[in-house]
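1. Need a 3D model of the sequence below.
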Amino acid sequence: NVYIAPEVIDRLNNIPTKDMEAYELYLKAKGAGSFSDIGQNIEWLKQAIELDSNFAEAYALLGKTILFQAGFAQEKNPLDVGIMAKSFLEKALLLDPLNGIAHGEIAAYSLWFEKDFKETEIHCITAQRLAPSYENSYAIYLDLLLSAGRFHEAISIGTKLIETIGDTPMNRGRNALMWAFNNEEEKMNENIRQAKQAPNDILGITESARASLIQKQYGQVLEILDILPDTLQISRVKGLKSIAYYKTGDIVNHNRELNALIQKSTETAGGSPSFYIAMIYSSKNNVDEAFRWLEKSFKDNEIEIYWLKVEPEFESLHNEPRWQVLLDKIGFPKTI
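-> Residues are numbered from 1 along each chain as shown. Alright, predicted model coming up:
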């Protein structure tokens, strides 16, 4: 006989909402691509909540969508949307404490906006128990383990992403990054090969490029990122390209990407431009400029600064007294 925990039975019997119009609006927002009209998705979710003010999953997805605006979407500054997103996520958990999706998204908020590694881990583990088929239950945990330097522990989570959630280009990119941190170059390259089969999967492609940068395969970084359209102005892409161009001796293109990032940093902290500018300067051993841009990244609460401690391109800063001071300010646990 198979034992099913009471809370799991409750989840199976629970209907997210009895208002079908609200549910249809929720499904429209859920099914839309991440880089589709985010404003439209937010409007659909707000309409769903107006129809059913107890629709926990609509609140959770709304919080997630708002978080994304300060990430890859680059539409909002983290400081401008963090509190709003958190309020919707907390509302989802208040309405339904056993909602695994809400726990998964609170985990994302805790890591991206509060850099709270302990709280992130608690919500990730809870999300996996309550929503074992929900992708973020594993994806955020994988990010947490890698950014905390717990590279070997991450392998089981990366494997579950492929086996439990799906063998997708996005998850292949995530696994490429995982194997890069574990210095398994052959496994990294196999996952990159599969991620590249979907050139429109921005996360899969950029994670593959990050993996190649970690392994100092600078030519491969450029080869991977060339798959993406030139019109894609994502800070991560420009940062990785600038470093790879510098390392391969292409100073003209290096400076072009760096200058574009500096300009972007004057417009928004969404997408973490200052973090990538700091990474570029660190890769050139320009320690003072690297710290100056990291301080700006910290002040603006840029999302991707939680990768700081494990990113190899910051190794030139490690012997500086300012390094540990900054890590402490961000909130990295002493044990990692």
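
2. any weak-confidence spans in the chain?
-> Along the chain, the model assigns pLDDT under 70 to residues 1-15, 33-36, 72-73, 231, 335-336.

3. make it 90
-> The chain contains residues with pLDDT under 90 at 1-19, 29-40, 64-82, 101, 133-137, 199-200, 229-233, 333-336.

4. Just to check, Tyr276 is in contact with Ser235?
-> Yes: counting by C-beta atoms under 8 Å, Tyr276 touches Ser235, with 5.3 Å between them. Bear in mind the C-beta positions are built from the backbone N, C-alpha and C, glycine included.

5. The two: who's more crowded?
-> Taking neighbours as other C-beta atoms under 10 Å, Tyr276 and Ser235 compare with Tyr276 leading, 30 against 25.

6. Report the separation between that one and Lys264.
-> Using C-beta to C-beta, to the nearest Å, Tyr276 is found at 9 Å from Lys264.

7. and what of Ala60?
-> Noted for Ala60: a distance of 30 Å to Lys264, by C-beta to C-beta.

8. just checking, what packs against the helix or strand hosting Ala92?
-> In this assignment (DSSP states H and E), Ala92 forms part of helix 78-95. Packing contacts for helix 78-95, counted by 3 or more C-beta pairs under 8 Å, 6 or more residues apart in numbering; DSSP states H and E, involve helix 56-69, helix 100-112.

9. what's next to it, contact-wise?
-> 54-57, 59-60, 62-64, 66-67, 69-70, 99, 101-103, 105-106, 109, 112-113, 269-270, 300-303 (C-beta atoms under 8 Å, 6 or more residues apart in numbering).

10. ditto for stretch 274-289
-> So stretch 274-289 is contacted by 235-236, 238-240, 242-243, 246-247, 258, 261-262, 265, 290-294, 296-297, 300, 302, 304-305, 307-308, 311, 313-317, 320 (C-beta under 8 Å, 6+ apart).

11. List the buried residues for that stretch?
-> By neighbour count on 16 or more other C-beta atoms under 10 Å, the buried set for stretch 274-289 is 274-284, 287.

12. Same question for stretch 209-225.
-> 209-215, 217-218, 220-222, 224-225.

13. ok, residues contacting it?
-> 173, 176-177, 179-181, 183, 185, 188, 191-192, 196, 205-206, 208, 236-237, 240-241, 243-245, 247-248, 311-313.

14. Could you pick out the buried ones from those residues?
-> Neighbour-count burial (16+ other C-beta under 10 Å) applied to those gives 173, 176-177, 179-181, 188, 191-192, 196, 205-206, 208, 236-237, 240-241, 243-245, 247, 311, 313.

15. More neighbours: Ala60 and Lys264, which one.
-> Ala60 (26 against 21).

16. Quick check: that one touching Ala108?
-> No: the criterion here is C-beta under 8 Å, and Ala60 misses it with Ala108 at 10.5 Å.

17. give me every residue that touches Lys196.
-> By C-beta under 8 Å, 6+ apart, the residues touching Lys196 are 169, 205, 208, 224, 227.

18. Double-check the third one against Ala195; I have them as touching.
-> This means Ser208. Yes: Ser208 lies in contact with Ala195 (C-beta under 8 Å); the separation is 4.7 Å.

19. any common contacting residues for those two?
-> 172-173, 176.

20. was I right about Lys160 contacting Ser137?
-> No: the criterion here is C-beta under 8 Å, and Lys160 misses it with Ser137 at 9.1 Å.

21. So for the two, which residue has more residues nearby?
-> Ser137 (28 against 17).

22. Can you mark which positions in the helix or strand harbouring the more buried one are buried?
-> With secondary structure defined by DSSP H and E, Ser137 is part of helix 135-147. For helix 135-147, burial by neighbour count (16+ other C-beta under 10 Å) applies to 135-147.

23. Export that helix to CSV, keeping only CA atoms.
-> The C-alpha trace of helix 135-147 is given here as CSV (Å, rounded to 0.1, in the frame of the first residue of the first chain):
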residue,chain,number,x,y,z
GLU,A,135,9.6,23.6,-11.8
ASN,A,136,10.6,26.4,-9.4
SER,A,137,10.6,24.0,-6.5
TYR,A,138,13.8,22.7,-8.0
ALA,A,139,15.1,25.5,-10.2
ILE,A,140,15.4,28.0,-7.3
TYR,A,141,16.9,25.4,-5.1
LEU,A,142,19.5,24.6,-7.7
ASP,A,143,20.4,28.3,-7.9
LEU,A,144,20.6,28.5,-4.1
LEU,A,145,23.0,25.5,-3.8
LEU,A,146,25.2,26.7,-6.7
SER,A,147,25.4,30.3,-5.5
